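K.L.:
show me the folded form of this:
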Amino acid sequence: MIILKSRREIDIMKKAGKIVAMTLEKIQKAIRPGITTAELDRIAEDFIKSSGAYPTFKGYRGFPAAICTSVNEEVVHGIPGLRVLKDGDIISIDVGASFQGYNGDAARTFIVGSADEKAVDLIETTKESFFQGLVFAKQDFRLSDISHAIQTYVEKRGYSVVRDYVGHGIGRKMHEDPQIPNFGPPHRGPRLKAGMTLAIEPMVNAGGYEVYTLKNRWTVVTKDGSLSAHYENTVLITESEPEILTML
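P.N.:
Take a look at the predicted model:
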């Protein structure tokens, strides 16, 4: 069941979303060659808690950290630890924050130091595919219109969208209905209505779309070892233009 949010609930989710956006901004400023992913996790957790929120991911289904840190060929759910970031790496940071019982969720892929043009293009394509999908995040479009727009843009650029993991509804729970694939035909699924809150999150690979999970049972990597990028925002469907809740 897709839950439509009241004005009061939306106001709280906007606060949760702002905390997520500010956390990502702090992490971006801290990313540099030589820093560990554990240090980034500490920065995120300290800031989220100091903002009166809780890092939703910590303990979620047993996940051990406040954020996901996915480096290079890692797609999603990378676990922070002793890994030292190197010049030329790319890192996807996924952040969730729970504020007064409601969640915000967003992800960005950042360059560590300097990266080659191919990595930059992958990151920019992933980001732009989100905004291509956002064009259809309006009342009376169908859910898969978002999915189709993302896939079409990504594949025209010569990349592939991950099939095994999708976006989702969000609210009191981190994952609510509906699931939001980043691929598929248009004009399918439920019609969008004002009050829906959706976490739209293209995951894009430089090579094929096939992925697998490492032995830690969390970290998802590309099967062919190609780079992967991730871009996500929590989006509110309104009576007019969509509103992004996780951007400053």
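K.L.:
flag every buried residue along the top helix by length along the chain.
P.N.:
When the chain is parsed with DSSP state H, its longest helix is helix 7-30. For helix 7-30, burial by neighbour count (16 or more other C-beta atoms under 10 Å) applies to 9-10, 12-24, 26-27. Backbone N, C-alpha and C define where each C-beta goes, glycine included.
K.L.:
and it, how far out from the chain's middle?
P.N.:
The chain centre lies 13 Å from the centre of helix 7-30; the measure is C-alpha atoms, centre = their mean, to the nearest Å.
K.L.:
can you list the residues that contact it?
P.N.:
5, 39-40, 43-44, 47-48, 51, 53, 67, 93, 95-106, 108, 110, 170-171, 195, 197, 234, 236, 244-248 (C-beta atoms under 8 Å, 6 or more residues apart in numbering).
K.L.:
next step: those residues restricted to strands.
P.N.:
Mapping these onto strands (DSSP state E) picks out 67, 93, 95-99, 102-106, 108, 110, 197, 234, 236, 244.
K.L.:
is it true that Leu198 touches Gly171?
P.N.:
No - taking contacts as C-beta atoms under 8 Å, Leu198 lies outside contact range of Gly171: 9.9 Å.
K.L.:
and stretch 209-219, how far out from the chain middle?
P.N.:
17 Å.
K.L.:
over to stretch 136-146?
P.N.:
With C-alpha atoms, centre = their mean, you get 19 Å for stretch 136-146.
K.L.:
and for stretch 39-53?
P.N.:
That offset, for stretch 39-53, works out to 18 Å (C-alpha atoms, centre = their mean).
K.L.:
can you give me the buried ones in that stretch?
P.N.:
39-45, 47-48, 51, 53.
K.L.:
over to stretch 229-245?
P.N.:
229-238, 242-245.
K.L.:
kindly report the same for stretch 106-124.
P.N.:
Applying 16+ other C-beta under 10 Å to stretch 106-124 flags 106-112, 115, 119, 121-123 as buried.
K.L.:
likewise for stretch 55-63?
P.N.:
Neighbour counts over stretch 55-63 (16+ other C-beta under 10 Å) mark 55-58, 63 as buried.
K.L.:
now that stretch - C-alpha only, PDB.
P.N.:
What follows is stretch 55-63, C-alpha atoms only, in PDB (Å, rounded to 0.1, in the frame of the first residue of the first chain):
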ATOM      1  CA  PRO A  55      21.400   7.400  11.400                       C
ATOM      2  CA  THR A  56      18.700   5.100  10.000                       C
ATOM      3  CA  PHE A  57      21.100   2.600   8.400                       C
ATOM      4  CA  LYS A  58      22.900   1.800  11.700                       C
ATOM      5  CA  GLY A  59      21.500  -1.600  12.800                       C
ATOM      6  CA  TYR A  60      19.000  -1.600   9.900                       C
ATOM      7  CA  ARG A  61      18.700  -5.300   9.100                       C
ATOM      8  CA  GLY A  62      22.000  -5.700  10.900                       C
ATOM      9  CA  PHE A  63      24.000  -3.100   8.900                       C
END
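K.L.:
pLDDT on that stretch, on average?
P.N.:
With pLDDT averaged residue by residue, stretch 55-63 scores 97.
K.L.:
try stretch 4-13
P.N.:
On average, stretch 4-13 scores 98.
K.L.:
how far does that stretch sit from its chain's centre?
P.N.:
Worked out by C-alpha atoms, centre = their mean, stretch 4-13 lies 21 Å from the chain centre.
K.L.:
ok so, going back, what angle do the longest helix of the chain and strand 102-111 make?
P.N.:
20 degrees (axes from the mean of the first three to the mean of the last three C-alpha atoms, to 10 degrees).
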